[in-house]
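K.L.:
Provided below are the primary sequence and the corresponding predicted coordinates.
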Amino acid sequence: LKLTFTPVLRASREAVGLILVLQDVTEEEKLDRQRKEFVANVSHELRTPLTTIKSYLEALDEGGAMEEPELASRFLRVTRQEAERMTRLIHDLLQLSKLDSEKVRFHKQPLRLEELLEDAADRFSFQCRQKDIAFSLSIRKPLPRVYADRDQIDRVLDNLLSNAVKYTPEGQSVSLSAHRRSDGYVEVVVSDKGIGIPKKDLDRIFERFYRVDKARSRSMGGTGLGLAIAREIVQAHGGTIRMDSRYGEGTTVRFTLPPCEPEVNPA
Ligand code: ADP
């Protein structure tokens, strides 16, 4: 709480009263703290790959790694990967900042999700095969049409499915499914039998840059922004997103989208 005093003065400057203002600044301070944390995180996230790139380039330049072709090509590969991660990070940051300032123009239109889900399943079943992960798609048809931006929903699916594949070891499974809920909303479910998330981390998992294991996420090429972006997009469509997980057993993310047209009552 913030307390301010303002004296009430007569023209003769004689004090005749006092105005007390008691202000609740909890929310303001929270936002301010989040803003500061975000800037610190961004700086750190950009500095880390830059430091790696710099030290590998120095090793090539001064350390004689150039004379060993195998070592040199490994150093260059790491350098390129880090540069690519920086590009992804900046792309994600720009996307989030556009979503924050409501500058993203959503091209919403009546959409059948079936095709979108089938395309995503094609892309990811290929990735899964390479990693020996079983992939399944199940759609309980018919799904009501949703009013949505195709590219943005694709982005949500990509983020969730790539996490599922990233955090699931070989020999396990990933599934994608969709159905109409009793309230008419379409629910899309991405589920995996991967490493899972400890209970204590679940509440904060949609926060920007929040990661269970920073080193692991980085080594997988993650930016720590995928879930935050997914949530912004889903909410901008009037839907909700939530995650359930058991550490060591697997993770399920569900998001909903409102149906495009009001339900026609068959009665
Ligand atoms: P990242 O780029 O690090 O994957 P995300 O915002 O997509 O960032 O996810 C945030 C964190 O949530 C990840 O670093 C990881 O710790 C955890 N996470 C997300 N999806 C899964 C999943 N399917 N299984 C296990 N952990 C997950």
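P.N.:
Done, it's in. No experiment lies behind these values; they were computed from the predicted model shown.
K.L.:
From here on, just use CA atoms for contacts and neighbour counts.
P.N.:
Fine.
K.L.:
Tell me who's in contact with the closest residue to Ser177 other than its chain neighbours.
P.N.:
Beyond its immediate neighbours in the sequence, the residue positioned closest to Ser177 (C-alpha to C-alpha, 6 or more residues apart in numbering) is Ser138, lying 4.7 Å away. The neighbours of Ser138, taking C-alpha atoms under 8 Å, 6 or more residues apart in numbering as the test, are Leu176, Ser177, Ala178.
K.L.:
Could you look up the SS state of Ser138?
P.N.:
Recorded secondary structure, Ser138: strand (DSSP: H, G, I helix; E, B strand; the rest coil).
K.L.:
how far away is it from Glu114?
P.N.:
Using C-alpha to C-alpha, to the nearest Å, we find Ser138 at a distance of 10 Å from Glu114.
K.L.:
all helices in the stretch 51-200 of the chain, in order from the N-terminus.
P.N.:
Under the criterion DSSP state H, counting those that start in this stretch, the stretch 51-200 of the chain contains helices at 69-100, 113-130, 150-166, 199-202.
K.L.:
near the ligand, which residues of the stretch 51-200 of the chain show up?
P.N.:
Asn163, Ala164, Tyr167, Gly194, Ile195, Gly196, Ile197 (C-alpha under 6 Å from any ligand atom).
K.L.:
how deep is whatever residue of the stretch 1-150 of the chain ends up closest to the ligand tucked in, by neighbour count?
P.N.:
Shortest the stretch 1-150 of the chain-to-the ligand distance, computed as C-alpha to the nearest ligand atom: residue-wise this is Leu89, at 9.1 Å. When counting by other C-alpha atoms under 10 Å, one arrives at 21 neighbours for Leu89.
K.L.:
Skipping its backbone neighbours, what lies nearest it in space?
P.N.:
Nearest residue to Leu89 in three dimensions, chain neighbours excluded: Thr223, at 5.7 Å (C-alpha to C-alpha, 6+ apart).
K.L.:
And Arg246, by the same measure?
P.N.:
Nearest residue to Arg246, sequence neighbours excluded (C-alpha to C-alpha, 6+ apart): Gly196, at 5.2 Å.
K.L.:
so how many other residues sit close to that neighbour?
P.N.:
Residues contacting Gly196 under the criterion other C-alpha under 10 Å number 21.
K.L.:
now do Phe38
P.N.:
Under the neighbour criterion other C-alpha under 10 Å, Phe38 is assigned a count of 14.
K.L.:
which stretch of helix or strand covers it?
P.N.:
Element membership of Phe38, judged by DSSP states H and E, is helix 26-62.
K.L.:
likewise Ala215?
P.N.:
Using DSSP H and E, Ala215 maps to helix 214-219.
K.L.:
in the next helix or strand after that helix, what's buried?
P.N.:
Going down the chain from helix 214-219, the next helix or strand is helix 226-236, by DSSP H and E. By 16 or more other C-alpha atoms under 10 Å, the buried positions in helix 226-236 come out as Gly226, Leu227, Ala228, Ile229, Ala230, Arg231, Glu232, Ile233, Val234.
K.L.:
And the pLDDT for the last one?
P.N.:
Read that as Val234. Each residue has a pLDDT score; the one for Val234 is 97.
K.L.:
how close does it get to the ligand?
P.N.:
For Val234, the distance to the ligand under the criterion C-alpha to the nearest ligand atom, to the nearest Å works out to 14 Å.
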